[in-house]
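S.K.: any chance you could fold what I've pasted below:
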Amino acid sequence: MGRRPVFLAILAAALVLVPAAPVAASPAPSRFDLDSADIPALQARMASGRLTAVGLTRLYLDRIHRIDGKVNAVLALNPSALGQAASSDARRRAHRLRGPLDGIPVLVKDNVDTRDQWTTAGSRALRSYPAADATLLTRLRTAGAVILGKANLSEWANFRAAKPTSGWSGVGGQTNNPYVLDRNPCGSSAGSAAGVAASLAQVAIGSETDGSIVCPAGMTATVGHKPSLGLVSRTGVVPISAEQDTAGPIARNVVDVALTLSVLQGRDPADPATLTYPRTQPTDYAKLLRPGVLRGARIGLWRLPVLGPATDAVMTSARNSLVKAGATVVEVSLPYQARLGELEFPALLTEFHRDIDAYLATRPRGPRNLAELIAYNRADPLERTCFAGQELFEQALTAPPPTDPGYLAGRAELSGLARRSLDETLAAYDLDAIASPTNPPAWKTDCAVGDNDVIPSSTPAAVAGYPDVTVPAGFAGPLPVGISFMGSRWSDARMLALAADFERVAPARVPPRYLPTLPS
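M.R.: Residues are numbered from 1 along each chain as shown. Alright, predicted model coming up:
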């Protein structure tokens, strides 16, 4: 799902940089703007000899050591990062590069299994090594990416407490919004989005059940892509619901997201959802990002005034930019939203109990099931310092089983209405996409109060399993607001192309200034 900060010491051993192999000294890279550099530009610099993968990785490690004390986005660094970068440089010298991600530093949300680092989902109960890499990690490694480390997250992807605080975990403490540090980064992929926004990595991997990629991306002026269900394998990703979960990329620009998605996507025999992946699906999304895609497109604007006048003003500006780019914009409302809100939570309770038990059974150490996890939290006072309760765990433990007729009927209605809400609206107005505000301005982080996150825009695509791409749209004062592009299932390439053209005609992102707070 998408969610008084307590900072816990990150294990020193996890933060010591010990290369897996000797790393030759590399020349200092010529000066350039790391924040605005995209992957194609970085690859061009490396091809010309002005930069190496080791030099790029050191730039990011240096920023982490200088900047992350303010943001707290990086839960643990990978001790082999410089060794991975050196291997990439060796491949370049041998003319054996593996593609555009070779040598590119990537942060991974700490609910994605990594065989060489603990995978905790932010929980002290899970401080151990998983049995194997997640499938998506294997794909990143095969592509030559440098796995820089693990990003902090909302513990258990915000599916533990009734009033959680996004970006807090028992292992990592509180992640802050780099634009205004006492404001929330949203969640659950808080560290992934805040880390990319603060230029602590070129790309990060997040995951989403409902809002957990797009909301933190919107709140931190980054680009986030929640893919169609089945486009990216979930094997080895700590679950909430197999009916809705997916992983996806976060970056500072659309082209980096598209290049990363091209590596992540594909069938996985261990994940049944990917078996419906169409053989006609593009495999290089970046090639489809062409200027002028918005000209002649029909965009439905779902304004959601509940998110406040500042957000609505950003949407008005976005509408004007879309029209100026040659799109036709039609104001729409999506049907069935109240019913979706009634049905989603009960379904997720049943699915979480089923799926977390199956996942925990794969872990060599730690709790073996949800009941043991609940018992652990009761015995660990540090797990109750911000996520004070575990009401969702307790409700899931007693939820109807996945064979229950009431659950089956509710899930069928829920998924069907979500698909209809988008399909019927797209068809009724002959739309290419539906655009909506991704988020309101970030709220103040307060552990005693929890999140202020009634953000309905992510739910239709999340429940339907359809793509949702958010791109920076503007600011409410110093706080970012994103715009989401949603379409039918498997229309990921089209949504990325529309988002990229919007990014081109209405560039909104500026680097964060790490303001301590806002004036009263």
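S.K.: in three-state terms, label residue 471 for me.
M.R.: Three-state call for residue 471 (DSSP: H, G, I helix; E, B strand; the rest coil): strand.
S.K.: spit out the contact partners of residue 71.
M.R.: The contact partners of residue 71, taken as CB atoms under 8 Å, 6 or more residues apart in numbering, are 175-176, 178, 181, 194-195, 198, 200, 514. (C-beta placed from N, C-alpha, C; glycine too.)
S.K.: for the residues you listed, which one is nearest residue 333?
M.R.: Closest approach to residue 333 among those (CB to CB): residue 194, at 32.2 Å.
S.K.: contacts only, for the closest one.
M.R.: Going by CB under 8 Å, 6+ apart, residue 194 touches 71, 73, 167, 175-178, 185, 216, 220.
S.K.: shouldn't it be within a strand?
M.R.: No - according to three-state DSSP, residue 194 belongs to no strand; its state is helix.
S.K.: read off the pLDDT value for it.
M.R.: You'll see residue 194 listed with a pLDDT of 99.
S.K.: and residue 453, by the same measure?
M.R.: pLDDT recorded at residue 453 is 73.
S.K.: you'd agree it is in a helix?
M.R.: No - Residue 453 is assigned coil when assessed by three-state DSSP, not a helix.
S.K.: run a quick neighbour tally on it.
M.R.: By the measure other CB atoms under 10 Å, the count of residues near residue 453 is 21.
S.K.: I'd say it and residue 443 touch.
M.R.: Yes - at 7.5 Å, residue 453 counts as touching residue 443 under the criterion of CB atoms under 8 Å.
S.K.: returning to what we had before: which of the contacts of residue 71 count as buried?
M.R.: Buried members of those, counted by 16 or more other CB atoms under 10 Å: 175-176, 178, 181, 194-195, 198, 200.
S.K.: adding distance to residue 367 and secondary structure, write those residues out as JSON lines.
M.R.: JSON lines is the format used below for the buried ones among the contacts of residue 71 (distance: CB to CB, whole Å; DSSP: H, G, I helix; E, B strand; the rest coil):
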{"residue": "175", "distance to residue 367": "24", "secondary structure": "coil"}
{"residue": "176", "distance to residue 367": "29", "secondary structure": "coil"}
{"residue": "178", "distance to residue 367": "34", "secondary structure": "coil"}
{"residue": "181", "distance to residue 367": "34", "secondary structure": "coil"}
{"residue": "194", "distance to residue 367": "28", "secondary structure": "helix"}
{"residue": "195", "distance to residue 367": "28", "secondary structure": "helix"}
{"residue": "198", "distance to residue 367": "33", "secondary structure": "coil"}
{"residue": "200", "distance to residue 367": "31", "secondary structure": "coil"}
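S.K.: show me the shaky parts of the stretch 351-500 of the chain.
M.R.: Within the stretch 351-500 of the chain, not a single segment meets pLDDT under 70.
S.K.: ranges for the helices of it?
M.R.: 370-379, 391-397, 405-428, 459-464, 492-505 (DSSP state H, counting those that start in this stretch).
S.K.: equivalent analysis for the stretch 101-250 of the chain, please.
M.R.: Going by DSSP H, counting those that start in this stretch, the stretch 101-250 of the chain shows helices at 135-142, 190-197, 214-219.
S.K.: helices and strands around the host helix or strand of residue 261, which ones?
M.R.: In the assignment (DSSP states H and E), residue 261 maps to helix 254-264. Identification of packing neighbours for helix 254-264 by 3 or more CB pairs under 8 Å, 6 or more residues apart in numbering; DSSP states H and E yields helix 39-48, helix 135-142, strand 203-208, strand 223-226, strand 246-251, strand 468-476, helix 492-505.
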